[in-house]
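1. I would like the atomic coordinates for the input below:
(chains A, B and C)
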Amino acid sequence: MKTRFWLLDVNYEVKNDTPEIWLWGIDESGKRILVVDRNFLDYFYIVIVEGADAEKVVKEIGKAHYPLVERLEVVERKFFGKPVKAIKVYCKNPDVIPKYAKTFRKIEGVKECLEDDIRYSMRYLIDNDVAPCGWHEIEADEEESSALTVRVDKVYTAKSYPNLIEKTEVPPLRILGFSTICYSREGSPKPDRNPLIIISVATNNGEETQFVTDENKNDKPILEAFMNYVRKFDPDIIVGFGLNGQDWPYLNERCKKLRLRLHVDRAGTEPHTSVYGHVSITGRANIDLLDYADEFPEIKVKTLENMADYLGIMKIEERTLIEDVDFADYWDDKAKRETLKKFSMENTRCIMGIAQAILDFAMQLSNLVGLPIDHVGTAAVGFRVEWFLIKHAQKISELVPKRIEQPYRPYVGAIVLKPEPGLHENIAVLDFKSMYPNLMITYNLSPDTYISPKEPPPKSGFYEAPEVKHRFRKEPVGFYKEVLSYLIKVRDEIRSKMKKTAAGSVEYRVLDARQKAVKVITNASYGYAGWIGARWYIKPVAEAATAWGRHTILNAIKMAENAGLKVVYGDTDSIFIKHEPEKIDKLSKEIEEKLGLEVKPDKVYMRIFFTEAKKRYAGLLPDGQLDIVGLEVIRGDWASIAKKVQERVLEIVLKEQSPKKAAKYVQETIYELRQKRIPYRDLIIWKTLTKAPEEYEVKASHVEAAKMLMEKGWKLSVGDKIGYVVVVGTGRLYERVKPYMFASYDDVDMEYYVSKQIAPAAARVLESFGITEEELLGSKVEEKETRKLTDFFGA
DNA sequence: GCAGCCCTATTACCT
DNA sequence: ACAGGTAATAGGGCTGCG
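-> Numbering: from 1, shown residues only, chains lettered A, B, ... in the order given. A predicted model of the protein is given here:
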């Protein structure tokens, strides 16, 4: 019978050298199903040396008799666009492939083995055009009494391969979110000594539950209760914040210690860490929302509360936040324990809210890229692009290259113009639409169209990049060009469909998530091309893209100037010019005609302020919004107080055009700070630990703060953000810092924040208007104070 | 011993 | 573990002072 299902998760098992693909899905009636497919043979390729005899290699392998080789097939494929002869080696057991590939490489006439590094489950998805988070139809028999002990409504045996069907909707899914609190007085909790004291769970049917230990902090019962709850609710998706790095490893270890089996999946196995460091829970999708925090660069410190605040789920001001250091105190103090419980439940509520905001995107990304939803989040951008490419390579018979370790060789990038410092009125921004992807399309820049210097020019012609002189065939259409054209076309289609869909409807939301996913992959394509870790890395491809980019913008600038439009700034693919609508209109048309790339008039600033520096400016938009770029306001490594002051200064300067008023405001804030009336949180400075503390060549504040945390038992790792404050004392700056949780307000050195935070941030703007840092430094305010006193005494 | 200079390490931004 | 271009701060080495 035919069955239609939406694919949630995939895994494989090997039984007696026979592999089985397990497709976990939800059918149209909402039943949870498992389809077992035993029909698909795994394989890899042997590439034959040019001119060598493939049949001879086939015979050679046959002679040695490899029992797990099922079949050999001589095929024609392409490798970097060039035709190659290859042998497709079908194997009974996918797990022997790496070993066989290694062995066969040594046979005479064999150039190399390829695609032996593609996992069986991914191979299955790619070859059969099966997409996670998408609908499929399959011919399958129901197993009446399955021998499998799996938690689903129905088990099927596949009789055909699945067929992709067009259907955008997502079936109703059961979603469970949870967060945990551990008890520790010795720094970071460790599973062998510290119990879990609270587990807060919520589900998308509105249920909220807390599992809280007794006075003895005996967590065995609550762990059992939690697992029972999960199995009973039987979620399709489990969400949390920091699940892969924190919760699951901790739960795993803790259960081991308590001699419990961590059983939360649909097949009776334990959660296990898999590719890209994601934790896999068989039959369910385990989604760590922390992985999606990177999609929001505005969130500087990637914490649950910051993310929830940013997404408008729960405002920080409306919460009582409790630091990890204080968990034990809150628990031990009966009066405060309820606050801790409330905090924990709120965390889970935040998780459910964020999940709602992100799941559509995650599903669309998974569906587009082809990686199962639980992998796609943990996979770095480069790998997402790569899987999308691999999926496409299969369709055009292009073999997937091996990842080769390469030395880092830098190349020249984009052009940035020096701005015309100071204030400007009515400035329009003209942007090239997706410049790099479009350049790659226009000039057919691709790994498979590149002509190396030793090759003769092809008859069908070639494009030669300016400056760097790299050549690319005009024909045939390159791999990248094909993929990028498809992405751009699809995104346009989605967006026009969105216009016909009611904004706010479910379909609209899904479409919007889809177009965002497409955009993310499109925009990352140039970066991928220049990434030395890329399987399809060919430096000249990226180098030619930037060369054409420089050529394009320099020409655009020339045209603007010839049209009598002064260019006041520009960066990579944008030019900032005086807003003269008719001239700009004409210019846009000329650029499109002569340079073959689309431009779009972007913003028009009523007023814009440029510093002396590139990449740092602030503009006032017609709706009164400030657009701040590169300045301290948007940097995460400045104290909030300095950022707030600078933002207000910019607002006064741009809206009221009164630098004097701004200066006065700065002096007042400095006064407030010295009076200790500025909240402590506004004085914390956050910096990322980019390597292990001992690897630093020079002493640095955040590293010293990190060391103090580690000494007190806190586990820190590379990538963590360290929050610290500067305290009073002598010596170097790094000798006067403390992790913010360890210092008190009275320790803080206000003069540091005056002279090294507020003053420079404000002066960055105000010095353009003749107000120096010294003037801001509060001397006048102090004078006033002193004068008052002298006046008093003098009277 | 330290101010002043210059260079480098470090971080986080822009497109 | 997508690219290069850029700004800004603090550390650290060195010179030269007296």
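2. What is the longest strand along chain A packed up against?
-> Scanning chain A for the strand with the most residues, using DSSP state E, yields strand A:2-15. Packing partners of strand A:2-15 (3 or more CB pairs under 8 Å, 6 or more residues apart in numbering; DSSP states H and E): strand A:18-27, strand A:32-37, helix A:120-127, strand A:135-142, helix A:373-376. (Each C-beta comes from the backbone N, C-alpha and C, glycine too.)
3. ok, residues contacting the last one?
-> This means helix A:373-376. A:8-9, A:132-133, A:237, A:274-276, A:278-281, A:285-287, A:362-363, A:365-366, A:369, A:384 (CB atoms under 8 Å, 6 or more residues apart in numbering).
4. so the residue of the stretch 301-450 of chain A at minimum distance from DNA strand B, which of the three states?
-> Distances between the stretch 301-450 of chain A and DNA strand B by CB to the nearest atom of the strand are smallest at A:A414, namely 6.1 Å. Recorded secondary structure, A:A414: coil (DSSP: H, G, I helix; E, B strand; the rest coil).
5. so what's it closest to, chain neighbours aside?
-> Among residues not flanking A:A414 along the chain, A:T572 sits closest, at 3.9 Å (CB to CB, 6 or more residues apart in numbering).
6. got a list of what A:I532 touches?
-> Taking CB under 8 Å, 6+ apart as the test, what A:I532 contacts is A:406-409.
7. Give me the buried subset of these.
-> Among the contacts of A:I532, not one is classed as buried by 16 or more other CB atoms under 10 Å.
8. In TSV: the residues you listed, plus distance to DNA strand B.
-> Below are the contacts of A:I532 laid out as TSV (distance: CB to the nearest atom of the strand, whole Å):
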residue	distance to DNA strand B
A:Q406	22
A:P407	19
A:Y408	15
A:R409	19
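9. okay if I get the residues you listed as a markdown table plus secondary structure?
-> As requested, the contacts of A:I532 are exported to a markdown table (three-state DSSP):
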| residue | secondary structure |
| --- | --- |
| A:Q406 | coil |
| A:P407 | coil |
| A:Y408 | coil |
| A:R409 | coil |
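10. thinking again about what came up before, burial count for the residue of the stretch 301-450 of chain A closest to DNA strand B?
-> 15 (other CB atoms under 10 Å).
11. so it touches A:R550, yeah?
-> Yes: at 6.7 Å, A:A414 and A:R550 qualify as touching, with contact defined as CB atoms under 8 Å.
12. before we move on, back to that, selecting buried members of the contacts of helix A:373-376 in PyMOL, what would you type?
-> Here is the PyMOL command that selects the buried residues among the contacts of helix A:373-376 (16+ other CB under 10 Å):
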select buried, chain A and resi 8+9+132+133+237+274+276+278+279+280+281+285+286+287+362+363+365+366+369+384
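13. Tell me how many other residues crowd A:F462.
-> A:F462 is flanked by 19 other residues according to other CB under 10 Å.
14. Let me fix that, I meant to ask about A:K232.
-> Using other CB under 10 Å, the number of residues around A:K232 comes to 7.
15. same deal with A:T772?
-> 12.
16. pLDDT wise, what is A:S779 at?
-> In this model, A:S779 is scored at 53, pLDDT.
17. and A:T522, that's in a helix?
-> Yes: assessed by three-state DSSP, A:T522 belongs to a helix.
18. Roughly how far does it sit from DNA strand C?
-> From A:T522 across to DNA strand C, the span is 10 Å (CB to the nearest atom of the strand, to the nearest Å).
19. Show me the beta-bridge partners of A:V69.
-> A:C91 (DSSP bridges).
20. ok, the residue of the stretch 301-450 of chain A closest to DNA strand B - contacts?
-> A:546, A:549-550, A:553, A:571-573.
21. Just name the closest of those residues to A:Q515, please.
-> Compare each of the contacts of A:A414 with A:Q515 using CB to CB and the shortest gap goes to A:D573, at 20.2 Å.
22. which residues touch the closest one?
-> When the contact criterion is CB under 8 Å, 6+ apart, the partners of A:D573 are A:414, A:431-432, A:435-436, A:549, A:552-553.
23. Check those residues one by one and keep those near DNA strand C.
-> Contacts with DNA strand C within those, counted by CB under 7 Å from any atom of the strand: A:A414.
24. Buried members of the contacts of A:D573 into ChimeraX, please.
-> A single ChimeraX command is used to select the members of the contacts of A:D573 judged buried by 16+ other CB under 10 Å:
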select /A:431,432,435,436,549,552,553
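25. Tell me which of the contacts of A:D573 fall in strands.
-> A:431-432.
26. Can I get the contacts of A:D573 in TSV including pLDDT?
-> Formatted as TSV, these follow (pLDDT from 0 to 100):
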residue	pLDDT
A:A414	97
A:D431	96
A:F432	97
A:M435	97
A:Y436	98
A:G549	98
A:T552	98
A:I553	97
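27. Could you dump the contacts of A:D573 into a markdown table and include distance to A:L34?
-> Putting the contacts of A:D573 into a markdown table (distance: CB to CB, whole Å) gives the following:
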| residue | distance to A:L34 |
| --- | --- |
| A:A414 | 50 |
| A:D431 | 49 |
| A:F432 | 49 |
| A:M435 | 46 |
| A:Y436 | 43 |
| A:G549 | 50 |
| A:T552 | 53 |
| A:I553 | 54 |
